[in-house]
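Chemist: Sequence and predicted model, in that order:
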Amino acid sequence: MKAHLSRRYHLAASHRLHAATYTDEQNRAVFGKCNNPHGHGHNYTIEITVSGSVDPVTGMVCNLADLDAFAQTNLLDPFDHQNLNTLFAFQRTVPSTENLSLEVHRIFESFPHAHLERVRIEETANNSFDYSGPALS
Amino acid sequence: MSMIHLTRKADFSSAHFYWVDAWTPEENQRVFGKCANRNGHGHNYTIEVTVAGEIDPISGFVVDLKLLKDILEREVVSVYDHRHLNLEVPEFATRVPTTENMAISIWQRLQGKIPNATLHRVRIYETPDLFADFYGEGLPQEAK
């Protein structure tokens, strides 16, 4: 039987929304206060949903310890308490939460023990973003 | 007619531990870690049961919420609340009471019990940061 398992991780990071191809004026117009020159930060909640058959012996989709260890190494260690603009992943793209969702999805797609269903990121209690991978065409 | 999804929450608190009798204590410890502590531990669980159905043209309901609340109470909460799942709930005598298996067991307890609506999803939170969803996928057809 197939079930979905979701785990929420918490990280704090700073960012500045600024597109290199825009003028300063365009950046201010599009990004507003998110374009302030020295950045700002959020407490992000990253919700990872994986799916798979429930192992008939262990009762698990995957071992939570494996998922937590993967998240620690590949998500929390590289992203927590960092300035997202300085990270390799955001050298060519704006570190919006949409783009962060894509990056986190790319990372967890390589989790070997279950199928990634969805990444949800809550930037604040009022803003959240879901990404389930590229649309099938 | 309009199909609506309706979700009702309920809470209960239970004790459990993870253990496979066919394994050695060392294997249980390796796979389940501190969850294999034989004295057990507990959680405050929250379940969300989502049903799907048509809106009754007269009452405006998909299902009477009080009735749904009573069904959750009778079928699940009264059986699981303030109990040791491994020792006191029949399905977990032979099935490890993981969050995933609890979602499946709650689905099996509720299926066919809710009039005029179809069970759509059972979600169970073990903590605010860990939850499992079951949509009935993979159940034997006659049991679904």
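Modeler: Ah, there it is.
Chemist: May I have the secondary structure class of the residue lying farthest from the centre of chain B?
Modeler: Most distant residue from the mean C-alpha position of chain B: B:I58, 31.5 Å away (C-alpha atoms, centre = their mean). In three-state terms, and counting by DSSP: H, G, I helix; E, B strand; the rest coil, B:I58 is coil.
Chemist: That one and A:I48, how far apart?
Modeler: Note on B:I58: its distance to A:I48, by C-beta to C-beta, to the nearest Å, is 44 Å. To be clear about C-beta, it is placed using only N, CA and C from the backbone, and glycine gets the same treatment.
Chemist: who in chain A is up against chain B?
Modeler: A:1-9, A:49, A:53-54, A:57-61, A:63-65 (C-beta under 8 Å from any C-beta of the partner chain).
Chemist: Just the buried ones among these, please.
Modeler: The neighbour-count criterion (16 or more other C-beta atoms under 10 Å in any protein chain shown) marks A:1-7, A:9, A:49, A:54, A:58-61, A:63-64 among the residues of chain A next to chain B as buried.
Chemist: can you give me the helices in the chain?
Modeler: I'll assume chain A. A:24-31, A:64-71, A:77-79, A:97-108 (DSSP state H).
Chemist: Switch to chain B, please.
Modeler: B:25-32, B:65-72, B:78-80, B:85-88, B:99-110.
Chemist: can you give me the strands in chain A?
Modeler: With DSSP state E, the ranges of strands along chain A come out as A:2-15, A:40-53, A:82-83, A:115-122, A:128-131.
Chemist: Turn those strands into JSON lines, columns for distance to A:E103 and mean pLDDT.
Modeler: Output for the strands of chain A, formatted as JSON lines (distance: least, C-beta to C-beta, whole Å; pLDDT from 0 to 100):
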{"stretch": "strand A:2-15", "distance to A:E103": "12", "mean pLDDT": "98"}
{"stretch": "strand A:40-53", "distance to A:E103": "11", "mean pLDDT": "98"}
{"stretch": "strand A:82-83", "distance to A:E103": "13", "mean pLDDT": "97"}
{"stretch": "strand A:115-122", "distance to A:E103": "9", "mean pLDDT": "98"}
{"stretch": "strand A:128-131", "distance to A:E103": "10", "mean pLDDT": "97"}
